[in-house]
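In: task: produce atomic coordinates for the following.
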Amino acid sequence: MDFGLSEEQEMIVETVRAFVETEIYPHENEVERTGIVPPELGREIQRKCIDLGFHACNFPEEVGGAGLDHVTFTLVERELGRGSLGLTVFFGRPSGILMACEGEQRERYLLPAVRGEKIDALAITEPDAGSDMRGMKCAARRDGGDFVLNGTKHFISHADVADFVIVFAATGEEETPKGIKKKITAFLVDRGTPGFEILKGYDSVSHRGYHNCTLTFTDCRIPEAQVLGEVHRGFDIANQWLYGTRLTVGATCVGRARRVFEMALPYAAERRQFGKPIGANQGVSFKLADMITEIDAADWLTLAAAWRLDAGLAADRQIASAKLYASEMLARVTDEAIQIFGGMGLMDDLPLARFWRDARVERIWDGTSEIQRHIISRDLLRPLGA
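Out: Alright, predicted model coming up:
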């Protein structure tokens, strides 16, 4: 086993961390206060990312990306996790699912997204279909050479800044061992398409400035040429994509937890009560010991899962474990950091309360903790016939 990073990986980590500290940190308080990222600031962050050569670093070189392997890309996501998500979203990482584009789709969607000319968003979740993707009610029916799409999506991240949306909709039904399930198809839908509207979503306590939106489709006509992948095979495409986003959640949770720890550690050494540093008390020092142990464990879980992907090994269970553990670890670490800071930890003068609030959603999106436990237990029990 070699747990060291290559010289190139060390350089990438240092570069991305420096970018986050100089280009993201200075704007975080204002974004937190207003809940808005000015469009010109988003474009500036994206331009600087492109100049650094990191835009679409998760895409292969043959389509214009940096071609980073999974481990290195996970390191990038870990460092981006230190910053406000409302700002780091402009450090462009288009959805890997766009690699399913074929023919003219590559010129209209894939390549512009890789070049930073277009931003994509993914639309899966609905008011009555969250974890149960194949229970979605948003549906598309054939009409000649087109599909006509009707329905609603919600909790769609950063759709307000997207140029096009990858929409998953029911296009039929099939009999399965678990009963009748929807057949799902993915569509590429441009902003401004008649019948497609992007509405303001819900106000959230987590990740202010990183907006969720509600999408409505009313007799929205989509040419069959804008089907992504094959008709009725959208579920397969989504499964291929979801492992990457779950690994990203794990990595960003690690990065955010390290930033929190790096605030708590010196504070515990400097803050004095009863004539000595509070860190000299086991009530605080043991918290620090537990925090760093959990952070390191989550870090290695995410990197080990990424390594399995690079090695061509099955990694569904390992990715689920990384997402589950890292997201729950972040909740514990942020909570303990606030306890160490005491009342000041909840004041707006420090970012700890923001990290604490932001941590809550990580156990929900991209597959809840319960879904991750289902994936893990299924992987363990199925070989035994259970």
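
In: helices along the chain, start to end?
Out: Per DSSP state H, the chain has helices spanning 7-19, 25-34, 39-52, 70-80, 85-88, 104-105, 111-115, 234-270, 282-310, 316-341, 352-361, 369-381. These are given in chain order.

In: what sits up against stretch 56-67?
Out: Residues external to stretch 56-67 that are found in contact with it (CB atoms under 8 Å, 6 or more residues apart in numbering): 53-54, 68, 73, 76, 92-94, 96, 99, 106, 110-111, 113-116, 244. Every C-beta, even on glycine, is put in place using the N, C-alpha and C of the backbone.

In: if any of these are buried, give me the ChimeraX selection for them.
Out: Here is the ChimeraX command that picks out the buried ones among those, judged by 16 or more other CB atoms under 10 Å:
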select :54,68,73,76,92,93,94,96,99,110,111,113,114,115,116,244
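
In: who touches the nearest residue to residue 100 once chain neighbours are set aside in this structure?
Out: Nearest non-adjacent residue to residue 100, counting by CB to CB, 6 or more residues apart in numbering: residue 229, 4.7 Å away. If a contact means CB under 8 Å, 6+ apart, then residue 229 has 100, 185-186, 236-237 as its contacts.

In: going by neighbour count, which of these comes out on top?
Out: Comparing the contacts of residue 229 by number of neighbours (other CB atoms under 10 Å), residue 186 comes first, having 28 neighbours.

In: residues in contact with it?
Out: Counting by CB under 8 Å, 6+ apart, residue 186 makes contact with 97, 100, 166-168, 227-229, 234, 237-238.

In: nearest to residue 38, of these?
Out: The shortest distance between residue 38 and any of the contacts of residue 186, using CB to CB, involves residue 166 and amounts to 26.1 Å.

In: measure the residue lying farthest from the centre of the chain to residue 321 for me?
Out: Summary for the chain: using CA atoms, centre = their mean, the residue whose C-alpha lies farthest from the chain's mean C-alpha position is residue 275, with a distance of 44.6 Å. Residue 275 is 44 Å from residue 321, where distance means CB to CB, to the nearest Å.

In: one more: residue 135?
Out: When CB to CB is applied, the distance between residue 135 and residue 321 equals 26 Å.

In: out of those two, which sits in the more crowded spot?
Out: In this comparison of residue 135 against residue 321, neighbours counted by other CB under 10 Å, the higher total goes to residue 321 at 22 against 13.

In: in this structure that one contacts residue 369, no?
Out: No. Under the criterion of CB atoms under 8 Å, residue 321 makes no contact with residue 369, lying 11.2 Å away.

In: burial count for the closest residue to residue 200 other than its chain neighbours?
Out: Leaving out its chain neighbours, the residue that sits closest to residue 200 by CB to CB, 6+ apart is residue 213, at 6.7 Å. Residue 213 has 23 neighbouring residues, counting by other CB under 10 Å.

In: can you pull the contacts of residue 213?
Out: Taking CB under 8 Å, 6+ apart, we find residue 213 in contact with 121, 154, 156-160, 198-201.

In: go with 7 Å
Out: Residue 213 is in contact with 156, 159-160, 198-201, counting by CB atoms under 7 Å, 6 or more residues apart in numbering.

In: please apply the same query to residue 245.
Out: Remark: with contacts taken as CB under 7 Å, 6+ apart, residue 245 is in contact with residue 366.

In: rewinding a little: can I get the contacts of residue 186 in TSV with distance to residue 179?
Out: Listed next are the contacts of residue 186 as TSV, based on distance: CB to CB, whole Å:
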residue	distance to residue 179
97	27
100	28
166	27
167	25
168	20
227	26
228	27
229	25
234	19
237	23
238	20
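
In: whichever of these end up buried, select them in PyMOL.
Out: Restricted to buried positions by 16+ other CB under 10 Å, the PyMOL selection for these reads:
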select buried, resi 97+100+166+167+168+227+228+229+234+237+238
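
In: among the contacts of residue 186, which lie within strands?
Out: By the criterion of DSSP state E, membership of these in strands covers 166-168, 227-228.

In: out of the contacts of residue 213, who's nearest residue 175?
Out: Ranking the contacts of residue 213 by separation from residue 175, with CB to CB as the measure, puts residue 156 on top at 30.3 Å.

In: who does the closest one form a beta bridge with?
Out: Assessed by DSSP bridges, residue 156 has beta-bridge partners residue 213.

In: would you mind confirming that it makes contact with residue 215?
Out: Yes. With contacts defined as CB atoms under 7 Å, residue 156 counts as touching residue 215 at a distance of 5.6 Å.

In: sweet, I'm off.
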